[in-house]
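Asker: Need a 3D model of the following:
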Amino acid sequence: MSTPRIASLTRKTAETEITLEINLDGSGKYEVECPIGFLGHMLHAFCKHGLFDLKGSLKGDLEVDQHHLVEDTGIVLGQIFGQALGDCAGIFRCGSCLYPMDETLCRAAVDFGGRGYLVCQPELSNIPLVSIGINGQSSSFQTDTFVDFWQAFVMGAKCNLHLDTLRGRSDHHKMEGLFKAAARALRDAITVDPRRQGAVPSTKGVIV
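Answerer: Numbering: from 1, shown residues only. Down below sits the predicted model:
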């Protein structure tokens, strides 16, 4: 595709203020101001393995908890992903990845069929990850927000997404492996198929 698929959006509520811009045909550049260290780490991995360029800033009421910011980030990321993708003309539409990360094995499968649906079985302990805060970043990550992020993403991107941890011990490895698997599956799904010659990949003739 000659023209890069780019979209941006600002979402401002009483709880969060999020501005993001994505280039689906990028090189993996990540330039996002994120006050939650682990979330930033996951978004960076998502960009690096999906070859998406992402920039912007995330702000939220972390004095309440992390849920609002993590979920709203998923909303905005999903919405700009769907906007940049457009009518899905010419793409493969489906993608999958089996991703090993040390003792953990993760699987992701996605279909851009026009409807948002998530099946997510990360097998997490729901015990927050704890780290040392640097430069004002939050010193923990609420693992129970992981599913909320992806549920918000699929509704905005209008895709079916299945995320599964097949085996593993470390919650860090499970979440990181799933972010990387999702990125690779999404990358494959949105890649332009030259044999399709620009046609919409649906017997309906439109993705709805």
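
Asker: Just list the residues touching Asn23, thanks.
Answerer: With contacts taken as CB atoms under 8 Å, 6 or more residues apart in numbering, Asn23 has the following neighbours: 4-6, 52-54, 84. C-beta: built from backbone N, CA, C; applies to glycine.

Asker: Okay, strands next: where are they in the protein?
Answerer: 6-12, 16-23, 30-33, 53-60, 94-101, 104-111, 117-121, 129-130, 140-141, 160-167 (DSSP state E).

Asker: Reformat those as CSV; add mean pLDDT and distance to Gln79.
Answerer: CSV is the format used below for the strands of the chain (pLDDT from 0 to 100; distance: least, CB to CB, whole Å):
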stretch, mean pLDDT, distance to Gln79
strand 6-12, 98, 6
strand 16-23, 98, 9
strand 30-33, 98, 16
strand 53-60, 98, 13
strand 94-101, 98, 20
strand 104-111, 98, 16
strand 117-121, 98, 15
strand 129-130, 87, 27
strand 140-141, 90, 23
strand 160-167, 98, 15
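
Asker: looking at those, which is closest to Asp72?
Answerer: Of all the strands of the chain, it is strand 16-23 that lies closest to Asp72, at 4.4 Å by CB to CB.

Asker: and the closest one, how far from the chain's centre?
Answerer: On the basis of CA atoms, centre = their mean, to the nearest Å, the separation between the geometric centre of strand 16-23 and that of its chain is 13 Å.

Asker: Next, the angle from that strand to strand 53-60.
Answerer: An angle of 180 degrees separates the directions of strand 16-23 and strand 53-60 when computed by axes from the mean of the first three to the mean of the last three CA atoms, to 10 degrees.

Asker: quick one: contacts for Phe141?
Answerer: Residues counted as contacts of Phe141 (CB under 8 Å, 6+ apart) are 36-39, 66, 128-129, 131.
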